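Asks: Following is a predicted model, sequence given first.
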Amino acid sequence: MALDGKENAVPEQVTVPAVRVRKRRLGAEPLVMVTAYDAPGARIVDRAGVDIVLVGDSLAMVVLGHDDTLAIDTATMAHHVAAVARSRPRALVVGDLPWMSYHVSVDDGIRNAATLIRAGARAVKLEGGRQRVPVVEAIIGAEIPVMGHIGLTPQSLHVMGGFKVQGRQRDAVEALVDDARALAEAGCFALVLEAMPDVVARSVTDAVPVPTIGIGAGPWCDGQVLVLHDLLGLGERGDPRFVRRYANLGAAATVAVTAFAADVRDGRYPSADESYHIIEETVPGPPGS
Ligand code: KIV
């Protein structure tokens, strides 16, 4: 806890250095990361006490209705990072660099990372292994912390031939460990491991000094991440095997809106109590009375 100017205890914000040391083998508690794309979503996950709020480019699929993440650009990501940051979460806000924002040149990568930081992120995430070392080093050189992301990298959808589990062959396992080491040496403060066999994620986790955060990567990572809409049951896409639904809010929301529609159609909404009245005038009865 820290003190504000009026000597009230305020929860300390989660920082990049605090995340960097969260290795379970050093006795740390597992990291919890959840996505959010707007202020209400960020408030929900922050009040739940997560460590990291990821404004993921999954936004493209989960909220904007695209089939993949390739449609989204830096300006759209910044718009949503700003909405999340306005809720002033205690959790560390990480903004996802979208496809083509760091692929053409290192300079592009720095400028686009800066756009997300100016929108309110305190770190950025990008996808890819060893081939990303120059851009990772350049962004960190501009004082912007970087989270890596290997395994199933949705921005490489067409190269991978679909959203497919990675690292199932022996040589792919070695490549993933090498990628993770290269990203950690380049300065990434944490690595997302997406959709790989549990034992592969364990080898990667053992191989690097920074925390790994798994999604479909088994129980031995240093933390876990889920997409908010998946864990709340708000998603329309078929749930992959790693998704655990903690609520069924999509169905509950449809029940609520159906009840509203029926109340309007049957004249039960709004009631007199839900209407404004002229002062001191008799409240009129419902239409037709
Ligand atoms: O965009 C995203 O939500 C992500 C997570 C699935 C890690 O990258």
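Replies: Looks like it came in fine.

Asks: Run through the residues of the stretch 51-200 of the chain sitting next to the ligand.
Replies: Proximity of the stretch 51-200 of the chain to the ligand (Cβ under 6 Å from any ligand atom) is limited to residues 54, 56-58, 96, 149, 192, 194. No exception for glycine: its C-beta is placed from N, CA and C like everyone else's.

Asks: show me what contacts whichever residue of the stretch 51-200 of the chain sits closest to the ligand?
Replies: For the stretch 51-200 of the chain and the ligand, the shortest gap (Cβ to the nearest ligand atom) falls at Gly56, measuring 2.3 Å. Going by Cβ atoms under 8 Å, 6 or more residues apart in numbering, Gly56 touches 35, 37, 96, 125, 227.

Asks: Mind doing that once more with 10 Å?
Replies: Residues near Gly56 by Cβ atoms under 10 Å, 6 or more residues apart in numbering: 33-37, 62, 69, 77, 80, 94-96, 98, 125, 149, 154, 192, 215, 225, 227-228.

Asks: Tell me which of the residues you listed fall in strands.
Replies: 33-35, 94-96, 125, 149, 192, 215, 225 (DSSP state E).

Asks: Pick out the most distant pair among those residues.
Replies: Farthest apart among the ones in strands among the contacts of Gly56 by Cβ to Cβ are Gly95 and Ile215. That separation is 17.3 Å.

Asks: Between the two, which is the more surrounded one?
Replies: Gly95 (32 against 26; other Cβ atoms under 10 Å).

Asks: hang on, the earlier thing: turn the ones in strands among the contacts of Gly56 into a markdown table, columns for pLDDT.
Replies: Formatted as a markdown table, those follow (pLDDT from 0 to 100):
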| residue | pLDDT |
| --- | --- |
| Met33 | 98 |
| Val34 | 98 |
| Thr35 | 98 |
| Val94 | 99 |
| Gly95 | 98 |
| Asp96 | 98 |
| Lys125 | 98 |
| His149 | 98 |
| Val192 | 98 |
| Ile215 | 98 |
| Val225 | 98 |
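
Asks: Arrange those residues in a markdown table, one row each, with distance to Val264 as further columns.
Replies: Formatted as a markdown table, these follow (distance: Cβ to Cβ, whole Å):
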| residue | distance to Val264 |
| --- | --- |
| Met33 | 40 |
| Val34 | 35 |
| Thr35 | 34 |
| Val94 | 42 |
| Gly95 | 40 |
| Asp96 | 39 |
| Lys125 | 44 |
| His149 | 46 |
| Val192 | 45 |
| Ile215 | 41 |
| Val225 | 40 |
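
Asks: Of those residues, which is the most crowded?
Replies: Neighbour-wise, the ones in strands among the contacts of Gly56 (other Cβ under 10 Å) top out at Gly95, 32 neighbours.

Asks: for that residue, what are its contacts?
Replies: Here Gly95 is in contact with 53-57, 74, 77-78, 80-82, 84-85, 112-113, 115-117, 119-125, 144, 147 (Cβ under 10 Å, 6+ apart).

Asks: Please spell out the segments of the stretch 151-289 of the chain that come in under the pLDDT threshold.
Replies: 237, 281-286, 288-289 (pLDDT under 70).

Asks: Please enumerate the strands of it.
Replies: 190-194, 212-215, 223-226 (DSSP state E, counting those that start in this stretch).

Asks: Surely Arg24 and Ile213 touch.
Replies: No. With contacts counted by Cβ atoms under 10 Å, Arg24 stays clear of Ile213, the gap being 11.4 Å.

Asks: More neighbours: which of these two?
Replies: More crowded of Arg24 and Ile213, by other Cβ under 10 Å: Ile213, with 28 against 16.

Asks: The spatially closest residue to the more buried one that is not a sequence neighbour and Leu126, how far apart?
Replies: In space, and not counting its chain neighbours, Ile213 is closest to Gly223: 4.1 Å by Cβ to Cβ, 6 or more residues apart in numbering. Here Gly223 is placed at a distance of 18 Å from Leu126 (Cβ to Cβ, to the nearest Å).

Asks: next one: Val264
Replies: Per Cβ to Cβ, Val264 is found 47 Å from Leu126.

Asks: Among these two, which residue is more densely surrounded?
Replies: Leu126 (26 against 11).

Asks: Surely that one is in contact with Cys188?
Replies: Yes. Using Cβ under 10 Å, Leu126 makes contact with Cys188 at a distance of 9.1 Å.
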